[in-house]
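Colleague: model the structure of this input:
(one chain, ligands or ions: 1)
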Amino acid sequence: MSDYVTVTHEDGITVLTLDNPPVNALSLRLREPLYKALEAARDDASVSAIVVACAGRTFISGADISEFGTPAALQSPSLRNICALLESLPKPAIAAIHGTAFGGGLELALSCHYRVADKTAKVGLPEVKLGLLPGAGGTVRLPRLVGPEKAVQMIVSGNPIGMAQALESGVVDAIADGDLTAFAVAFAKQKVAEGGPHVPVRDRDEKLAPARADPSSFEAAVKEATKKTRGLEAPLACAASVRNAVNLPFDEALTKEREIFITLVGGVQSRAQRHLFFAEREAAKVPGIGKEVTPRTIAKVGVIGAGTMGGGIAMSFVNGGVPVTILEMSDEALDRGFATIEKNYAISAQRGSISEDEKGKRLARFSRTTDYADLADCDLIIEAVFEEMSVKREVFGKLDTIAKPGAILASNTSYLDIDEIAASTSRPQDVLGLHFFSPANVMRLLEIVRGAKTAPDVLLSALGIAKKIGKVPVVVGVCHGFVGNRMLGARSAEGEDLLLEGASPEQIDKVFTDFGWPMGPFAMGDLAGLDIGWRNRKSLGTSAVIADSLCEQGRFGQKTGKGFYLYEAGSRAPVPDAAVAKLIEDKARERCVNRREISEDEIIERTLYPLVNEGAKVLEEKIAARPSDIDIVWTNGYGFPIGKGGPMFWADVEGLKKIVDRLDYWYGRTGKDVFKPAESLRKLAETGGSFSAKPA
Ligand code: NAD
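Modeller: The predicted structure follows:
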């Protein structure tokens, strides 16, 4: 008996109830008494079967990842020891699963002879999402229960499955009716009465036999599961480990799984992904908001503007179960906006990602209007109209007259000053920025922009509703472009000069995709539409020599079939264009720029080092609260590769001294502000410091 494991007996069945709140993670303090209790039950001749169950809201939800890298993680008994003990028992062990059995929790359950579960339970091996593979036999045992094809799909995706699938595929043996523990005890008694044999999973090879005879369908499953791994090592390692389970004897496959785990856990990618896992949780905590602050209720949302962003924002809330009223300037604009929304839902239903019934329910949550008075009962109103201060001020002025007291008023502006927008109302404490990313119903990032006067409970409410609709919120301060777009400006600043000095769009884009970005900046520009930046530059009186020329020729990117690249009809694949190469050369000649070979390192130094430098400035100005918040913005909103952990984590790995030295070099050579090292960055570099709390 211990605080963490309670032992009870019933008619020869021992029930071990694990209790390590909040989620029964497999910390050392749980592993020790569990191991002892299993030994005792094994040695007690009066015990004929053992049920492993959990107290609280869930079965074991996984390893205790806060133990990673600490001595406790290495201390015996390890999870592997527990799994081996379970599997060697001369009497059957039954896992009784409720809530979630994820990672180490499922691995423990897989080491039992049988698994029964509550019908709402979920099981999965999500280690790949932390850059790892299941390191306690998951890749070797799961294929024996569900077959290697299904196993590779589950382990490489890391996605959980519900009980219907779990029963059908063989992960669980029975679904409980009523009380889970009582069901598990009855199941145990029945198995004892049947007399066995109780074959441990390690000895069940029947589902491996077909792949051993002919690996083709397994290899096809591997190919399918790993087709979008984008430079990440863990998905390939997971697949390799399942392949070992097929081809090698159990113990050998287990040893190999361990070796691969150790390599991954010490590697940069897994450290980066674990950093992001904690960073996302950290980002939801806002310094200075105490427990005394309570959020406002948000039961109904208004969205102004049914364009690209307004439609997507409205869909995000509706998908999260919150009814939305959309306001537009005219019925025609409303119809246009709604046609897009309806089309999006029709595609989802066609693909099977939502049912027809669900589609109907979601569409029924929308109301539409052209009359501001219809927004009077909204708890939150989000403006997504044209990006012009005068229009924004006018809209907020109107909102001030109709919104109910205490309603939260938000702007989706990409760049504009939230404080100036707030000043057009008599209630600046209720105003903030909610900066969604395009497409807003898909992208998870939400920058919550805190104005000078935004009230703490308004901020807290925004964080709460963001979570409810499945977004990843990061609180940022007011400046031109906030965190993401401001840093994007620094990343893009040298693009045109690199072209003029000798690089090509395809060369620069390749450096980016080799780095792990899903797309380079020029392919991205073509996708987004070059005309957006062109119009913006015209209104600001600025220019970009190559992009402006392309736009003057009507080359707006994918939508016109031509931009920095050519696009064949119906294709999104960028094809380098000799006419663009000539345009670049001509413009360079006009400006007397001598074109030369541009190296990969130079491209990184002139794009990603300024990105990091701007990040340091953003931190100095307290626009972001922590370096890890910036990493969350960039990995969730801009495609920074997760295996590199975000720009600030990557900067630590790259070496701050190296970055500052090269920024100094480029600043000396060009005198451009983007290269002038931030004071804080220089100081960190000089003192051997780093951005991450735990130095990489
Ligand atoms: P859009 O042109 O697609 O849509 C704007 C919509 O607002 C139009 O349908 C227009 O009819 C409507 N509108 C304009 N004035 C109005 C008014 N006074 N009352 C009611 N409706 C009005 O623009 P968008 O791309 O959706 O951008 C909207 C806002 O979101 C801008 O502030 C933009 O900076 C920001 N934003 C855009 C993106 C993006 O990628 N497009 C990303 C983040 C933020």
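Colleague: give me the residue from the stretch 201-350 of the chain nearest the ligand.
Modeller: When scored by Cβ to the nearest ligand atom, the stretch 201-350 of the chain has residue 307 as its residue closest to the ligand, at 1.8 Å. (C-beta placed from N, C-alpha, C; glycine too.)
Colleague: ok, now which ones touch that residue?
Modeller: Neighbouring residues of residue 307 by Cβ atoms under 8 Å, 6 or more residues apart in numbering: 337, 384, 385.
Colleague: what's the spacing between it and residue 426?
Modeller: 28 Å (Cβ to Cβ, to the nearest Å).
Colleague: please tell me I have it right and residue 183 contacts residue 189.
Modeller: No. Contact criterion Cβ atoms under 8 Å: residue 183 and residue 189 do not qualify, at 10.9 Å.
Colleague: these two: which is more packed in?
Modeller: For residue 183 versus residue 189, the count of surrounding residues by other Cβ atoms under 10 Å is larger for residue 183: 20 against 16.
Colleague: can you pull the contacts of that one?
Modeller: So residue 183 contacts 96, 116, 174, 176, 177 (Cβ under 8 Å, 6+ apart).
Colleague: show the pLDDT at it.
Modeller: We have a pLDDT of 97 for residue 183.
Colleague: next structured bit after the helix or strand hosting it?
Modeller: Residue 183 is part of helix 180-194, with elements assigned from DSSP states H and E. Heading C-terminal from helix 180-194, the first helix or strand you meet, by DSSP H and E, is helix 209-213.
Colleague: and that next one, what does it pack against?
Modeller: Under the contact definition 3 or more Cβ pairs under 8 Å, 6 or more residues apart in numbering; DSSP states H and E, helix 209-213 sits against helix 216-225, helix 233-247.
Colleague: in the longest one, what's buried?
Modeller: The neighbour-count check on helix 233-247 (16 or more other Cβ atoms under 10 Å) flags 233-246 as buried.
Colleague: which of the residues you listed sits closest to residue 553?
Modeller: Minimum distance to residue 553 across the buried residues of helix 233-247 is 42.0 Å, recorded for residue 235 (Cβ to Cβ).
Colleague: for that closest one, give me its contacts.
Modeller: Residue 235 sits in contact with 128, 156, 225, 226, 229, where contact means Cβ under 8 Å, 6+ apart.
Colleague: now the closest residue to residue 187 other than its chain neighbours: how far from the ligand?
Modeller: Excluding its sequence neighbours, the residue lying closest to residue 187 (Cβ to Cβ, 6 or more residues apart in numbering) is residue 116, at 5.2 Å. As judged by Cβ to the nearest ligand atom, to the nearest Å, residue 116 and the ligand stand 48 Å apart.
Colleague: I figured residue 621 hits residue 479, correct?
Modeller: Yes. Residue 621 lies in contact with residue 479 (Cβ under 8 Å); the separation is 6.8 Å.
Colleague: so for those two, which residue has more residues nearby?
Modeller: With neighbours defined as other Cβ under 10 Å, residue 621 and residue 479 compare such that residue 479 has more, 17 against 12.
Colleague: can I assume the more buried one sits in a strand?
Modeller: No. Using DSSP: H, G, I helix; E, B strand; the rest coil, the secondary structure at residue 479 is coil, not a strand.
Colleague: residues in contact with it?
Modeller: 486, 618, 621, 623.
Colleague: report pLDDT for residue 1.
Modeller: So residue 1 comes in at 61 (pLDDT).
Colleague: what does residue 392 give?
Modeller: What the model reports as pLDDT for residue 392 is 97.
Colleague: next up, the contacts around it.
Modeller: Residues in contact with residue 392, defined by Cβ under 8 Å, 6+ apart, are 383, 385, 411, 413, 416, 421, 424.
Colleague: tell me which element it falls in.
Modeller: Using DSSP H and E, residue 392 falls in helix 389-402.
Colleague: which bits of this protein sit near the ligand?
Modeller: 304-310, 327-329, 333, 337, 384-387, 391, 395, 412-414, 436-438 (Cβ under 6 Å from any ligand atom).
Colleague: derive a ChimeraX selection command for the buried subset of these.
Modeller: ChimeraX command restricting the residues of the chain next to the ligand to the buried ones, with burial defined by 16+ other Cβ under 10 Å:
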select :304,305,306,309,310,327,328,333,337,384,385,387,395,412,413,414,436,437
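Colleague: what about residue 604, how many residues nearby?
Modeller: As a measure of burial, residue 604 has 16 neighbours, counting by other Cβ under 10 Å.
Colleague: my read is that it contacts residue 515, right?
Modeller: Yes. Between residue 604 and residue 515 a contact is recorded at 7.4 Å, counting by Cβ under 8 Å.
Colleague: any idea how many residues pack against residue 601?
Modeller: 10.
Colleague: so which strand or helix has the residue nearest to residue 187?
Modeller: Using DSSP H and E, residue 116 sits within strand 114-117.
Colleague: dump the lowest-mean-pLDDT helix or strand in the chain to PDB, restricted to CA.
Modeller: Every helix and strand of the chain was ranked by mean pLDDT, DSSP states H and E. The lowest is helix 71-74, at a mean of 84. Extracted C-alpha coordinates of helix 71-74, given in PDB (Å, rounded to 0.1, in the frame of the first residue of the first chain):
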ATOM      1  CA  PRO A  71      18.000  11.500 -12.500                       C
ATOM      2  CA  ALA A  72      14.400  10.200 -11.600                       C
ATOM      3  CA  ALA A  73      13.900   9.300 -15.300                       C
ATOM      4  CA  LEU A  74      16.800   6.800 -15.100                       C
END
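Colleague: which residues does the helix or strand that comes right after it contact?
Modeller: As assigned by DSSP H and E, the chain's next helix or strand after helix 71-74 is helix 79-88. Applying Cβ under 8 Å, 6+ apart, the contact partners of helix 79-88 are 26, 31, 34-35, 38-39, 42, 52, 63, 77, 93, 104, 107-108, 110-112, 135-137, 200-202, 258.
Colleague: check which residues of helix 79-88 are buried.
Modeller: 79, 80, 82, 83, 84, 85, 86, 87.
Colleague: what of stretch 503-519?
Modeller: Neighbour counts over stretch 503-519 (16+ other Cβ under 10 Å) mark 503, 504, 505, 506, 507, 508, 509, 511, 512, 515, 516, 517 as buried.
Colleague: relative to the ligand, which of those residues is nearest.
Modeller: Looking across the buried residues of stretch 503-519 and measuring by Cβ to the nearest ligand atom, the closest to the ligand is residue 517, at 17.8 Å.
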